[in-house]
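**Q** Predicted structure and sequence below. I'll ask about it afterward.
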Amino acid sequence: MAPKRKDAEEPTGREKKKMKMSAARTIAVQPVKAVSFSENAVAGPSKSAVNSLIGLPSAIDVEKFSEARAFEIDAMHNAMKNASASSTSRAWQALPRHLRRRAASHDVRRVPLRLREKARAEMDPLRKKGLSHSISKLGKSKRASRTELFAKRQRDKLWLETHIWHAKRMKMENMWGYRLAVKPTEKSYRPSHRASVHGSIIHDASYHSLIELKGTEAVLKRILDMSCDPNGPSPGSKRYTTGSRASETYIYKPGSYPFGLISPATVIWKPLPPTVDTSDGEEQEDTEPPADQPEASKRKRKAKGKGKGKEKEQETLPAADPEAVRVVWLMSHPSAYQDVLSSIQTSASLTLECYKRENEAKEVEVEIADLRGQINIFEIMGPKSNQVLRGALSPVPQDKREDFKKFWTRFTNVQTSGELSRGTIVGFKAVDPRLKQVMDSPLLSFPPKNAKAQAPETEYISPTTVFPSGQLAQSDIWDEALRAKLSTPRYKKKDLDDRRSKLLIPGTPLKAERQDDRIPVLLIQRSLESPGSKAQGIHGWTVIIPAGWSMAFFSSLTFTGTRVGGQRERQTQAFEAGESYFPRDLPTSVGHDEYASARAKEEKARWDRKPPAKRPNYEKLGTSRPWRADWHGVLGLPRPIFEEDKETATETGEGEAFVSTQREPQPDGAIEDGLGMWLLRGSEAPLVVSNIAKMFNHGAGLLQEVNRLRAKRGHEPLAPTIKADDLMKRALVSVRIKICKRGAPEDLAIIYKISDDEAKRWERILRNTRGAHEEETEEEVQLSEIVPPESSIIGYVTTGHFSLSQGQGFGIGAVPLAKFLEVQDQSEKQVIKANKLKGNI
């Protein structure tokens, strides 16, 4: 006999399911009022037969009939819906993807209130008891607070201020000492690309490192010239020292160009403070009255200078003084922070020594400070980024700058930030953005999702007429004391919600009061584009705010409908724009070796987990190093032995991991230590390659061009021990690859060089091909089956897949400069021969 249940009243699982199905299939009935009968009425059968058809109308009004039966119709629809969904869907499945949470399947508090009862009924009591967390029985004084628990989890990595928000919606990984979002949990690869091209997408880049340099302008210029890329304008040129533009450059080891590439960096100069010229010739700083100052004194200061005969105050920028104390911010990637800091410190030491020898009477100092953790950075990209910023942020009304008023008025009507000058800096003070955030009626304060820039009714003046200036770039974010004061918002979200609850008209924005915080904001125009490429550029803004205000700005910006991206989305933006991404696409940079080692370890582990029948056999394919690009073998240099090579050699039992692919003998004399392979890049790289191609001796031409670039920054020519042939042999150049027909290259794809006869056959096939989807011919199949020898490898693809913006396979890679010139010469010869056959020459 089966044992009895402990609780006889508790229904079994089968009974629960039957009750649930019965409740789902029940159709609601509208209650009716009780009918009152007279006292003389007697119950019984009807005395006379009644014809039910008598008295019925010949036609009915459908609208009135449906209104009268509205309750029954609605009950029938709900019953059909509940009956079909009761056994096939759960409560959390009724939510849209962006509202679903990982814990919603077992925690009813993660489900919206309207579905909480249904979710509670679907819960299994035993499972709920098993998943419940045991609460410590210690007293309140001995329990760890939420802040202490979070601090304990950050021992080996740091969290951004938006970590909790991202952890609920994104895949997180440990990267560069931070816990960062990699990609959203929902399928959003194509929607994120569409947002960057047609809408807006935001990325929290607060993990970037920031270094502050403080010293005289002349000394800072020397320091930057010694460490920065000599291509293009210098970060110390007048174009940037006014503080109106940000300089995009690359950091090298001091005086070692073209060797010693570290990482890309952004240089920002603090603009000089403006002065106000009054009618009596006095100069005073244009500052905003403090928040705690009485309104009467504010009115007195505001009214000052408005009397009869007073001239209008005009702000002017002081003349540049080489001995004036200036401040420079250097923003770089976190993986290269120590190398960038070491390069700047070395440059500062060498510059100060040189400066003291030239000016023994003067004492010059340079302060270098680490600002990590004091600044938050957002990157918002897309054509609608202007409208999102315009709708989410409200400048303080006390800002009287004419340039800023002109800019902010036309900000919404700018089609894209690409219309503005590259690197334009805009500074202002904004009211707490949470005051403008209205949950009930988002269209009152924020632009709709289908908002488009419209030309004003009056005569339209192009927004590009607002040129970058030091006055437009003025911002209080450079003040360290102000940043420390604003590190904690004065009001929490709970306090602002209490103020909203007291509004007479619900759904209206809060008005900024005197006690509310005013936050300094710095906007920097950001563009991802590749000159000379047909790839579509992506433009947007970099938003810099003080620490402690990340969630306040982030929630307001995402409330506009802006998508949020992680590391994958940021890499995809650079790839679609045809721009190299650090450290993946810069083989000779500092962080590339660490990135390549981590990727090789991950790829090899994934390959080892698969059975032999489900993984490629690289030995039969002739791939010597499938896990990472063999740049040393391509250049003909001695190969270093990596960890994955040692593991492969141990598994196979061989002394050497791979067969050497060097096609040239080793040079008798080796170049001195520290000068390995190098990457030719920069704004003048196409010009350098063009000049070299015209010379008979390519190596001598390259040495001449490198020394010319070094002379621009005051560097001495390369040492005589570095020969021209050795410099050419160690040079790499970045290339962009397009697929002529179907298919797309993958990461670490090998780039081969083909013979002249094979090139002619391919050219003839492509010339006769009408479209990319045309069927392959027999000759094309034969050519595709040819396995090129290992000696024809000339490079690797660092990033490659299908490009959504170009609609075809696309890749970014690198090849030796000498091989690139050979391929270019081969292509020119093919064109000349084809023109001769046509009779054009």
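**A** In hand now; what should we look at?
**Q** Please report the distance of the residue nearest to the spatial centre of the chain from Ser755.
**A** Closest to where the C-alpha atoms of the chain average out (Cα atoms, centre = their mean) is Arg570, at 3.7 Å. For Arg570, the distance to Ser755 under the criterion Cβ to Cβ, to the nearest Å works out to 40 Å. Just so you know, the C-beta spots here come from the backbone N, C-alpha and C atoms, and that holds for glycine as well.
**Q** go on, Glu684?
**A** 33 Å.
**Q** ok, those two, which is more surrounded?
**A** Higher neighbour count among Glu684 and Ser755: Glu684, with 18 against 11, using other Cβ atoms under 10 Å.
**Q** how about the nearest residue to the more buried one, chain neighbours excluded?
**A** Setting aside the residues directly before and after it, Glu684 is nearest to Asn231 in space (Cβ to Cβ, 6 or more residues apart in numbering), at 4.6 Å.
**Q** Please report phi then psi for Tyr259.
**A** Wrong residue type there; residue 259 is Phe, not Tyr. Backbone geometry at Phe259, expressed as degrees, to the nearest 10, gives phi -90, psi 170.
**Q** Val325 bridge partners, please.
**A** On the basis of DSSP bridges, Val325 takes part in beta bridges with Thr216.
**Q** how about it, what does it touch?
**A** For Val325, the residues meeting the contact criterion (Cβ atoms under 8 Å, 6 or more residues apart in numbering) are 214-216.
**Q** Confirm that Gln415 sits in a helix.
**A** No - following the definition DSSP: H, G, I helix; E, B strand; the rest coil, Gln415 is coil and is not counted among the residues of a helix.
**Q** returning to what we had before: just the pLDDT at the residue nearest to Glu684, thanks.
**A** Reading off the per-residue confidence, Asn231 sits at a pLDDT of 90.
**Q** That one and Arg710: what is the separation?
**A** Spatial separation of Asn231 from Arg710 under the definition Cβ to Cβ is 11 Å.
**Q** my read: Cys228 touches Pro254, true?
**A** No - taking Cβ atoms under 8 Å as the contact criterion, Cys228 and Pro254 are not neighbours in contact, 10.2 Å apart.
**Q** more crowded one of these two?
**A** When Cys228 is set against Pro254 and neighbours are counted by other Cβ under 10 Å, the residue ahead is Cys228, at 24 against 21.
**Q** Now the phi/psi pair for the more buried one, please.
**A** Backbone torsions for Cys228, taken as degrees, to the nearest 10, come to phi -100, psi 160.
**Q** State the distance from it to Ser209.
**A** Distance of Cys228 to Ser209, given as Cβ to Cβ: 16 Å.
**Q** One more: Val689?
**A** The gap separating Val689 from Ser209 is 32 Å, by Cβ to Cβ.
**Q** Please identify which of those two sits among more neighbours.
**A** Set side by side, Val689 and Ser209 show more neighbours around Ser209, with 22 against 19, by other Cβ under 10 Å.
**Q** so where's the stretch 451-600 of the chain shaky on pLDDT?
**A** Low-confidence regions of the stretch 451-600 of the chain, defined by pLDDT under 70, span residues 451-465.
**Q** Which parts of it are strands?
**A** In the stretch 451-600 of the chain, the segments counted as strands under DSSP state E, counting those that start in this stretch are 518-528, 538-546, 563-564.
**Q** among those strands, which is the most enclosed?
**A** Mean neighbours per residue, mean count of other Cβ atoms under 10 Å, is largest over the strands of the stretch 451-600 of the chain for strand 538-546, with a mean of 25.
**Q** Give me the helices and strands touching that one, please.
**A** Taking 3 or more Cβ pairs under 8 Å, 6 or more residues apart in numbering; DSSP states H and E as the contact definition, the neighbouring helices and strands of strand 538-546 are strand 375-381, helix 385-392, strand 518-528.
**Q** Make JSON lines out of the ones you listed and add distance to Asn617.
**A** What follows is the helices and strands packed on strand 538-546, written out as JSON lines (distance: least, Cβ to Cβ, whole Å):
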{"stretch": "strand 375-381", "distance to Asn617": "42"}
{"stretch": "helix 385-392", "distance to Asn617": "48"}
{"stretch": "strand 518-528", "distance to Asn617": "39"}
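**Q** so which of the ones you listed gets nearest Asp497?
**A** helix 385-392 (18.6 Å; Cβ to Cβ).
**Q** any residues touching that closest one, and which ones?
**A** Here helix 385-392 makes contact (Cβ under 8 Å, 6+ apart) with 200, 380, 408, 411-412, 414, 416-417, 433, 436, 445-447, 451, 453, 523, 539-541, 543, 553, 556-557, 559-560, 562.
**Q** between it and strand 518-528, how big is the angle?
**A** With axes from the mean of the first three to the mean of the last three Cα atoms, to 10 degrees as the criterion, the two stretches helix 385-392 and strand 518-528 enclose an angle of 170 degrees.
**Q** just how off-centre is helix 385-392 within its chain?
**A** Mean-position distance between helix 385-392 and its chain equals 17 Å (Cα atoms, centre = their mean, to the nearest Å).
**Q** same question, stretch 168-178
**A** In terms of Cα atoms, centre = their mean, the centre of stretch 168-178 is set 14 Å apart from its chain centre.
**Q** Same check on stretch 805-817?
**A** Once both centres are worked out by Cα atoms, centre = their mean, stretch 805-817 turns out to sit 21 Å from its chain's centre.
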